[in-house]
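[1] mind looking at a prediction? Sequence and model below.
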Amino acid sequence: MEKNINEVYFNLMEKKFLTRTMDKPTLIEYRVKDDLGTGMISRVILNKGLEFCICRDHTLNRELLNSELNEKRFIEINYCISGKGSIKLASEKNCINLEKGDLMFYRNDKLEKTERFSMELNNYTGVIIGLDGDELKKIFFPEREKEMLEEWDRSIESIFKGSTHFKVKAPSSIEWDIKDLLNYNYKFEDVTSLLLCQSKLMEIISKSLNYGINKRKEINLSKSDIEEIYKAKDILNNNIDEPPSIEELASLCSTNTYKLKKGFKELFNNTPYGYLRETRMHKGKYLLENTDMTISEIASSVGYTNPSKFSEAFKIKYNITPSECRKVNKNI
């Protein structure tokens, strides 16, 4: 009988740390045992080998032995929405720290089976995607299964480079995709919403892996340069309707326009205003799908004085007009 590593993990967690509160075909809910901490977990099962879980407001300390979970082709993609978390390996001095906006890839098959690792979560909310390469191969074309699995292994190794983890700040496109993922009713009473959620999860997986591979390439920026670029990113995010000029942005971040443009290209593979345009489109799509704001109001809120210019940019980005996007979403 084949082993489902996600199933093994949750069975282990249920024995030690969690209490099951709901059991549906596509949704299993847990809460942290009262004497161990607080928080809820939603395990969303979209297909065999394709699932994710949402941790909400977790405060918990836990320790596990690596032999209980060791699996060659299993990795986790972890995105932190809020709160803080840390993972500590008994054999290493440094912790892996997680905070808002972090995207972390993690695996444990390179560790000794006797290795113990502990996890501490403080008001942690995040999305965790467990990927089992041996399960995912079932979606590959049968005649190319071996070739595609080898490509999968190469891609994963190019992210980890022999390490147990790799952590980066998530780009805005993945942040908005995560927000979309959180909006579904996971009981999936119709097949359309199930298929859409599956496609959204696959999109997040593919974007995350591609981003991780590209980010592993050497970045020629100092720590202070990186801090300045992330400060600029935050300024743009917080002033989406009235952003500063490129010169003003550089001045606010104590850098120059050359370093600012170079840093955005290396960290986000985009220009500062290319990044802003992407963020505007993601926010506009989110507001179309989740509010009753008019298209003119949405256009204004994301920095477009002319709604037709917003509609034009939206059509270029998503190959659908804002009105069509809203109609499609209301029919789901």
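    Now that the structure is in, tell me what you want to look at.

[2] I'd say Cys53 and Ile41 touch.
    Yes - look at Cys53 against Ile41 with Cβ atoms under 8 Å: they come within range, at 5.5 Å. In this view, the C-beta of every residue, glycine as well, is placed from N, C-alpha and C.

[3] which neighbouring elements make contact with the one helix or strand Ile45 maps to?
    Assessed by DSSP states H and E, Ile45 sits inside strand 37-47. Applying 3 or more Cβ pairs under 8 Å, 6 or more residues apart in numbering; DSSP states H and E, one finds that strand 37-47 contacts strand 27-32, strand 50-65, strand 116-132, helix 191-215.

[4] let me have the ones you listed in JSON lines, adding distance to Leu181, mean neighbour count and mean pLDDT as columns.
    Shown next, in JSON lines, are the helices and strands packed on strand 37-47 (distance: least, Cβ to Cβ, whole Å; neighbours: other Cβ atoms under 10 Å; pLDDT from 0 to 100):
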{"stretch": "strand 27-32", "distance to Leu181": "14", "mean neighbour count": "19", "mean pLDDT": "94"}
{"stretch": "strand 50-65", "distance to Leu181": "7", "mean neighbour count": "18", "mean pLDDT": "85"}
{"stretch": "strand 116-132", "distance to Leu181": "7", "mean neighbour count": "19", "mean pLDDT": "88"}
{"stretch": "helix 191-215", "distance to Leu181": "5", "mean neighbour count": "16", "mean pLDDT": "91"}
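
[5] export these to TSV and append columns for distance to Lys315.
    Below are the helices and strands packed on strand 37-47 laid out as TSV (distance: least, Cβ to Cβ, whole Å):
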stretch	distance to Lys315
strand 27-32	35
strand 50-65	30
strand 116-132	29
helix 191-215	20
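
[6] what about the helices in the chain?
    5-16, 133-136, 145-160, 172-181, 191-215, 223-238, 246-252, 257-268, 272-290, 295-301, 307-318, 322-330 (DSSP state H).

[7] Leu60: which of the ones you listed is closest?
    Across those, the minimum distance to Leu60, taken as Cβ to Cβ, is reached by helix 5-16, at 10.3 Å.

[8] check which residues of that closest one are buried.
    Buried residues in helix 5-16, counted by 16 or more other Cβ atoms under 10 Å: 5-6, 9-10, 13.

[9] before we move on, what about stretch 184-193?
    184, 186, 188.

[10] that one: end-to-end distance?
    The first and last residues of stretch 184-193 sit 7 Å apart, counting by Cα to Cα, to the nearest Å.
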